[in-house]
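J.: Pasting a predicted model and its sequence here:
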Amino acid sequence: MTGHKNFARHPEYSLLRSTGIFTVGGNIQMNARKILCSLALFATLISQAACSGNWVLEKRLTPADTLQATSKRTVVPGTFVMTVKSVNVFNKMVFLNSEDTYLDRANVAVQITSSVAYNADIRFGGDFRNMVLNRKILVIGSAMKVGADLEQGIIVNTKGDERTYIFVSRASNIFFE
């Protein structure tokens, strides 16, 4: 055995010797552990790759699909495609609506902050709010049905008047189709 001369006095050494790691059977056990650990890491990497943006881009939800998916008040992450028919600005938020009026129950609104809209102005090289009107867009975000007080412009916790919003946090998650 090589190593430090006081190696045998360490309590870890007696534990390692008793588990058989220094024996031939212990080497097989160690190799099996390394293989299992490597497989677990490989599976983790594969699952992360499967959940990356490329996978999400294949599943495109229309406003009708989004309304159905959020009917149980769950958060639905994904890629959403819609034609913007109207744009509203309220309380430093920009709403890209799928219907002519935001009061329509079939409306699905993409909600972005004014800073995301500003970054979209830079990204697309113009006034994003005018540019997006009557165009088909694809956004990556999370859709959610929320209770909304439309007169006050706030989200409330009631089930009486619910609207579906797609929350988009970055301008790089907005694309023209």
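T.: Thanks, I have the structure now. Numbers count the residues shown, from 1 in each chain.
J.: Which parts of the chain belong to which domain?
T.: For the chain, the structural domains run 7-50, 54-176, going by automatic domain parsing.
J.: With respect to those domains, which exhibits the lowest mean confidence?
T.: Of all these, domain 7-50 carries the lowest average pLDDT, namely a mean of 54.
J.: quick one: the strands in the chain?
T.: With strands called from DSSP state E, the chain shows them at 60-61, 76-83, 86-90, 93-97, 108-113, 136-149, 154-156, 162-167, 174-176.
J.: So for the second one, what gets flagged as buried?
T.: This points to strand 76-83. Applying a neighbour-count criterion of 16 or more other CB atoms under 10 Å, one finds 76, 78-83 buried in strand 76-83. Every residue, glycine included, has its C-beta placed from N, CA and C.
J.: buried ones in stretch 86-98?
T.: 86-87, 93-98.
J.: And stretch 126-139, by the same measure?
T.: 128-129, 132, 137, 139.
J.: ok, and the closest non-adjacent residue to Asp121?
T.: Phe128 (4.8 Å; CB to CB, 6 or more residues apart in numbering).
J.: Show the contacting residues for that neighbour.
T.: 117, 120-121 (CB atoms under 8 Å, 6 or more residues apart in numbering).
J.: For the residues you listed, pick the one with the most neighbours.
T.: In terms of neighbours by other CB atoms under 10 Å, those top out with Ala120 at 23 neighbours.
J.: you'd agree it is up against Ala171?
T.: Yes - with contacts counted by CB atoms under 8 Å, Ala120 reaches Ala171, the gap being 4.2 Å.
J.: Can you list the residue ranges for helices in this structure?
T.: 11-19, 24-50, 53-58, 63-69, 114-124, 128-132 (DSSP state H).
J.: distance of Val75 from Met82?
T.: Distance, Val75 to Met82, using CB to CB, to the nearest Å: 18 Å.
J.: quick one on the thing from earlier: list residues touching both of Ala120 and Ala171?
T.: Shared contacts of Ala120 and Ala171, defined by CB under 8 Å, 6+ apart, comprise Ile112.
J.: Can you read off the backbone torsions of Arg73?
T.: Backbone torsions for Arg73, taken as degrees, to the nearest 10, come to phi 60, psi 40.
J.: Relative to Ser169, how far out is it?
T.: For Arg73 relative to Ser169 (CB to CB), the value is 21 Å.
J.: Which two among the buried residues of stretch 86-98 are spaced furthest apart?
T.: The span of the buried residues of stretch 86-98, defined through CB to CB, is set by Met93 and Ser98 at 16.2 Å.
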